[in-house]
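> Sequence and predicted structure below; questions after.
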Amino acid sequence: MSRSREYTVFNGDDEQRSWEVETLENGRYRVTKPDGETIEVDAIAPDDDRLHLLVEGKSVDAALFRRDSTYQVQIDEQRHDIEVLNERELRMRAAEAVTAGGGSPQLVSPMAGLVVKVDAEVGQTVEAGDRIVVVEAMKMENDLEAHRSGVIEEIPVQAGDSVEIDDVLAVIGEPDDE
Amino acid sequence: MSRSREYTVFNGDDEQRSWEVETLENGRYRVTKPDGETIEVDAIAPDDDRLHLLVEGKSVDAALFRRDSTYQVQIDEQRHDIEVLNERELRMRAAEAVTAGGGSPQLVSPMAGLVVKVDAEVGQTVEAGDRIVVVEAMKMENDLEAHRSGVIEEIPVQAGDSVEIDDVLAVIGEPDDE
Amino acid sequence: MFSKVLVANRGEIAVRVMRSLKEMDIETVAVFSEADRSALHVRKADEAVCVGPAASSESYLRIDKIIEAARTTGAEAIHPGYGFLSENAEFARALNETDITFIGPSPSAIEAMGEKTRARELMEQAGVPLVPGTPEAIDDATVALAEAEKMGFPVLIKAAAGGGGKGMRRVNSATEFANAFEAARREASGAFGNADVYVEKFLVNPKHVEIQILADREGNTIHLFERDCSVQRRHQKIIEETPCATLSEETRQKMGQVAVQAAEAVDYEGAGTVEFLLDAEGNFYFLEMNTRLQVEHPITEMITGIDLVKWQVGIAAGETLSLQQEDVPRNGAAMECRIYAEDPENEFRPSPGLVSRIEAPAGPGVRDDAGTYSGAEVPLEYDPMVSKLVTWGEDRTEALWRMKRALREYVVTGVKTNLQFHLEVLEHPEFVDGSYDTQFVPRMMEERGGPEKSNGELAELAAVVAAHRRAEELARKAGNHNSGPNSSSTSRWKSLGRYRQLKRF
Amino acid sequence: MFSKVLVANRGEIAVRVMRSLKEMDIETVAVFSEADRSALHVRKADEAVCVGPAASSESYLRIDKIIEAARTTGAEAIHPGYGFLSENAEFARALNETDITFIGPSPSAIEAMGEKTRARELMEQAGVPLVPGTPEAIDDATVALAEAEKMGFPVLIKAAAGGGGKGMRRVNSATEFANAFEAARREASGAFGNADVYVEKFLVNPKHVEIQILADREGNTIHLFERDCSVQRRHQKIIEETPCATLSEETRQKMGQVAVQAAEAVDYEGAGTVEFLLDAEGNFYFLEMNTRLQVEHPITEMITGIDLVKWQVGIAAGETLSLQQEDVPRNGAAMECRIYAEDPENEFRPSPGLVSRIEAPAGPGVRDDAGTYSGAEVPLEYDPMVSKLVTWGEDRTEALWRMKRALREYVVTGVKTNLQFHLEVLEHPEFVDGSYDTQFVPRMMEERGGPEKSNGELAELAAVVAAHRRAEELARKAGNHNSGPNSSSTSRWKSLGRYRQLKRF
């Protein structure tokens, strides 16, 4: 629980800001703000859609509503739409950008689960049916195989990532793309 | 969705009342009351913990809070504690009553899932490790085996039942119980 | 008194009417369209009848189906709320032919006030002031000037063939009049091929002020003071308050008397509202009369303590007004903010959809008349009003600060709302001093860049922490599947349990 | 005026005080115990400081920690709410030695009213009526009778050595007195070995009526009329109302004057309450003075429109009362029901735990001061009050019917509450006619079998349908696992989706 995670925020101004969060032993969070300042935050969820923060003595009662990776945040009467991508989602977004417009080079996960193994690497030529990634769900390991032959262009996941249905696991380009 | 199901209600007066509910094609419910009268009920869940019924033109806005099989129901200012058992739970309750005080004759389900097969029957002598029930969870069939040798006294589940963690699947008495 | 009443409406007003009915020990019947099966007013009613598909024209506006619903349920009267059938004389007339009572004025009063020209004629006869203007086109500058001086400057010279603001010319004094008049005629002739012009009084930055009236069948008519509804955009009221900050006591009394005259002129019965334009000099002119309950009626209830819906029902049941004009209480100040599911940053476009969570403010001096609930849809088909938030204070300042406090307490997630926009209005100098007029919001929107967001970094922090908690939760779930129920993860789960108790997860 | 105030309390009163502070544009600081990390008052504050473990003695009652929290946050004043440190003279004194203002009366006023015997002495000197009684034991029947006649019959002869109701004898007239007196002495001698008896006035079915007062530093003292708090059980108030239905205008004025005298006798400053016993003849007797805000203060706010908390803060900041006694408004009637997480069917035992859902009533004339929210715990450690529900009406009948309507709207799931019990009280003939006294609830509880449940079969129906929907949902989930994402179950899912939209599942 003490791994530090990075988040990239898009706050609507086309500005991209990096935050870092680490869960501490006491359940609080150490947060590194985009300007590099580090603060300790005590957060509780009074209810679904609510998050209450104590930030250096300040009490912040936020209402949150998530749609995909965008949070609508209401604090007092103000409402903010904030997109937050974690590291995997950021890689995923990049992968999508790379293949935007292409046929269907993306191998997507048919299930939600944990990536336990990645069997291929970028640049490798694979055959349809080769195992690319192993995703574990409900005590069962699932081999996720290349849906077509080609060259791996992107693998936006790594072992330990949790993925959701339809998340991109790999981008497999046509062999002649090389 | 059109199987009729029976429910047994304990309303705190030690009175036991039988209700029957069938889901109709239009999403409404045909309910047979304990007195045998049949009514059609249109029910929606405006939110968690809420159920709104239209019963023969009457609008009933109920707040419900479930603990195990007991529902706290608030309608207007009145609060009622009502225990509702479905057929399986009623059998389960009977099975628990049978074995109350015994060692641990109950084979319980380690997971929530759907009973797809029952491989034993009451009166049968089984060995520890014999498959008794198959429960399916997350696309996987799980053989649930006798935790001890003995004679099957009760099997409160049948194929098609959904079970939850710790639900009794079978009661296996000592061989010398016979 | 009635023992059962049908409310032929939906949303907050249906709920509000039912609340009064319940306090009168009257059973309530809701009607609903197929889109409103899960609407709040259906939940709050004792009985509910579906009257047709989502389109209002096939449900809430269907006179036959509404009457049928009343018959089926045995309702003795129908309250129409506002909108829908509330000002439909045909509906009132149809009910008069049954033994079901229409809670509202007579069909003839509805009709008289519904037709603009007829209403103006009637009002003129009753001595109610109208915006002065020449009834016909004038071609003689001297005659026109005499008329203009009679009505007082500034005046507007309007091309008879013009429209939509075209062919209008404002004249501020007698000295400029003759030239302007001839120029306007020339322009009109050039632009429309018709030189005819009218002269009309030009109202400088008028306020929209209305008077609430109550009248019983015996002709006892009283007024319940004014409401200033000048905070509006495209004739849509946004914030209303009472008293009007700039109204002198003398004008208030005069306006009240005139409103009573207007109502009496059509033998009015029940609750109604006479709308006026009020100019900077305290002159006021009849605009129209709404022969029903207004959206903004709660602020009048707050300062008078009078439940208008109860009186509507009582009067319809034949009760006599027990209140004399001089006994109508008037305490403190009240304002109302209409909370809409709309996007002020996108031309106030409706933002229908799922209200994931709505939490209304509470505490002293706050009244919330909501039409929805957490988990409900704001349907596409109808007005996207979420709630009417009303505050009362000993004086205007207290009502205003209560409103600011209440708006900050209000939580609505899922749909966009105008909560922040309201606060912006409330903190605008023109609103704070009460001098605002009907052009205030358009002016404000022109000046304005966008909403100020002082909480931006905190909001980002909250979003990032929420994303982090979600990421860890997902990882935990996945991790748990990995390690099976009896693995060494138990202690981690225990500590998770402890955190959960502390709502840390 | 202060720019930041710390609220040394929790629950609904902390939230309520903060609301007024926010309306005064004052920043708010909450303190909380470790059990209250997720409490509503922490969420509503601008800043929050943890002051120790769950036990009040280690947190909310820790004078040093509270003062430390004020210092750390830069709060200029502390509002103590009610309970906890609100009547702690030591706390007020400790604050006087800092530059942090205590929002409340002087330590000496708190002390004077806090010691029962001293308070009685002071009140007697100030001419405040006390329940008459002989100050010492009397052994002469003739002297005793003379005393009894002075105080008026009935009287109570009390054994000096008795207690807890033992050794008491009620005497209704002079003719029975001599015999009763001797009998009482004999009994006392036999039972306690001590024949000493006192004579005290016996109050027949008294009401508990209290007067709200407000006083500024310059000694301007006004009263804000009475509250009838006779609906109580074991000295725990349950429902309060104002005006008191049986109080004559003359007695009201007298009682108000006496309350002002009582406050002036201790140089009182701020908001306070003088409690009286009122007998059937309209005589009233000093009980005690509470030198703080009362739980039931909102009903006074409803009929006067005065925000008591704002005045407390203003007076503490040195403001002068702008109101003369004759200007205090008094409109309509108000009542308050204290909603507790408790089980009236089980000796009103607290029912702490998770408030799964709380939905407060709204609409005209309703004020809800809640201290919790959906998803919150009612902690074991503190008072299990969930909310104070207050209604206002033009008259008592309207306030009463509003309260009934509001109680029926109130939803609390998870914990048990006294919602239904309140309704039972409100519909009891003694409550309806307003004649109830402090023995009303005990009498009612004796007569009563249990709560009436007219909705029993509907509740069963709802529970059965809920169980059925759950059973089908579980079966569907299991079935779906069976058939994989691309199987023929798609159409079933589609239809499920449609149902979901309709909230049928």
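Cool, got the structure.

> The closest residue to C:Asp433 other than its chain neighbours and D:Glu457: what is the separation?
Nearest residue to C:Asp433 in three dimensions, chain neighbours excluded: C:Ala245, at 7.4 Å (CB to CB, 6 or more residues apart in numbering or on different chains). For every residue, glycine as well, the C-beta is placed using N, CA and C. Using CB to CB, to the nearest Å, C:Ala245 is found at 56 Å from D:Glu457.

> Let me know whether my guess that C:Met302 is in a helix holds.
Yes. C:Met302: assigned to a helix according to DSSP: H, G, I helix; E, B strand; the rest coil.

> OK, contacts around it?
Applying CB atoms under 8 Å, 6 or more residues apart in numbering or on different chains, we find C:Met302 in contact with C:242, C:332, C:334, C:367, C:390, C:392.

> do C:Arg71 as well
C:98, C:100 are the contacts of C:Arg71 under CB under 8 Å, 6+ apart.

> Backbone dihedrals for it, both of them.
phi -60, psi -50 (degrees, to the nearest 10).

> Tell me how many other residues crowd the residue in the stretch 201-350 of chain C that chain B sits nearest to.
Relative to chain B, the nearest point of the stretch 201-350 of chain C is C:Ala341 (17.3 Å; CB to the nearest CB). Neighbour count of C:Ala341, defined by other CB atoms under 10 Å in any protein chain shown: 23.

> Leaving out sequence neighbours, find the closest residue to C:Gly104.
Here the residue nearest C:Gly104, using CB to CB, 6+ apart, is C:Gly270, at 5.2 Å.

> Tell me the residues of chain C that contact chain B?
C:30, C:37-38, C:42-49, C:72-73, C:373-376, C:485 (CB under 8 Å from any CB of the partner chain).

> related to what we said a few turns ago, filter the contacts of C:Met302 down to the ones in strands?
Among those, the members found in strands (DSSP state E) are C:242, C:334, C:367, C:390, C:392.

> Tell me which two of those residues sit farthest apart.
C:Thr242 and C:Arg367 (13.6 Å; CB to CB).

> elements contacting whichever helix or strand A:Val133 is part of?
In this assignment (DSSP states H and E), A:Val133 forms part of strand A:131-137. Helices and strands touching strand A:131-137, by 3 or more CB pairs under 8 Å, 6 or more residues apart in numbering or on different chains; DSSP states H and E, are strand A:113-118, strand A:140-145, strand A:168-173, helix C:456-483.

> I'd like to check what contacts it. Which residues are they?
A:107, A:109, A:111-120, A:126, A:141-146, A:152, A:155, A:157, A:163, A:169-170, B:138, C:478, C:481-482.

> Look up the closest residue to A:Val135, ignoring the ones flanking it.
Leaving aside its chain neighbours, A:Val135 sits nearest to A:Gly113 (4.3 Å; criterion: CB to CB, 6+ apart).

> May I ask which helix or strand of the chain has the lowest mean pLDDT?
No chain specified, so I'll use chain A. helix A:87-99 (a mean of 77; mean pLDDT, DSSP states H and E).

> Next secondary structure after that one?
strand A:106-108.

> Can you name the residue of chain A nearest to chain C?
For chain A and chain C, the shortest gap (CB to the nearest CB) falls at A:Leu114, measuring 3.2 Å.

> For the closest residue to C:Phe181 other than its chain neighbours, which residues are in contact?
Once flanking residues are discounted, C:Phe181 sits nearest to C:Ala141: 4.6 Å by CB to CB, 6+ apart. By CB under 8 Å, 6+ apart, the contact set of C:Ala141 is C:177-178, C:181-182.

> Much appreciated, bye for now.
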